[in-house]
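**Student:** need a 3D model of the sequence below.
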Amino acid sequence: MTSDEPDSFSPDAGRQNRRAHTRVKANVQVEIEAEGSNIPLRGATTDLSLGGCYVETMYPFPVGTNLDLRLQLEDTLLIEATVVTSDPQVGNGIKFTKMLSEDREALKTYLEAAARAQHA
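**Tutor:** Residues are numbered from 1 along each chain as shown. I've put the predicted structure just below:
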């Protein structure tokens, strides 16, 4: 797996615009497995970018938790990620840390199509 894209969250930018990648409102099914657990949780994204996503959940993971994601687009994308925000009884901001180049291309294609559809 490669991680050649810049981080989705820049620590020294202001809170209003910390992301290096444009977010798209997207309800995409995701299966989440936390490090050290073999019990996957299922949910959906509320927004998505090349660098990360937000997943609503009543029981969010703590910041710093490493995750394995299976993002269900046309094919299933396998993504390693880390929790960067945890909002009690709301959800998690998740930063993608590694994914295969072909999965990154599939995600990019999906996001471009979703952005065009939202602006049409």
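
**Student:** how near is Asn27 to Ile39?
**Tutor:** 23 Å (C-beta to C-beta, to the nearest Å). (Glycine included, C-beta is placed from N, CA and C.)

**Student:** those two - which one has more neighbours?
**Tutor:** In this view Asn27 and Ile39 are compared by other C-beta atoms under 10 Å, and Asn27 has more residues nearby, 10 against 6.

**Student:** the more buried one contacts Gly43, correct?
**Tutor:** No. Checked against C-beta atoms under 8 Å, the pair Asn27 and Gly43 is beyond contact range at 10.2 Å.

**Student:** SS state for His21?
**Tutor:** coil (DSSP: H, G, I helix; E, B strand; the rest coil).

**Student:** could you list the low-confidence segments of the chain?
**Tutor:** Scanning the chain for pLDDT under 70 picks out the ranges 1-20.

**Student:** show me where it has helices.
**Tutor:** Along the chain, counting by DSSP state H, helices occupy 101-118.

**Student:** mind naming the longest strand for it?
**Tutor:** strand 76-87 (DSSP state E).

**Student:** now that one: how far from the chain's centre is it?
**Tutor:** 5 Å (C-alpha atoms, centre = their mean, to the nearest Å).
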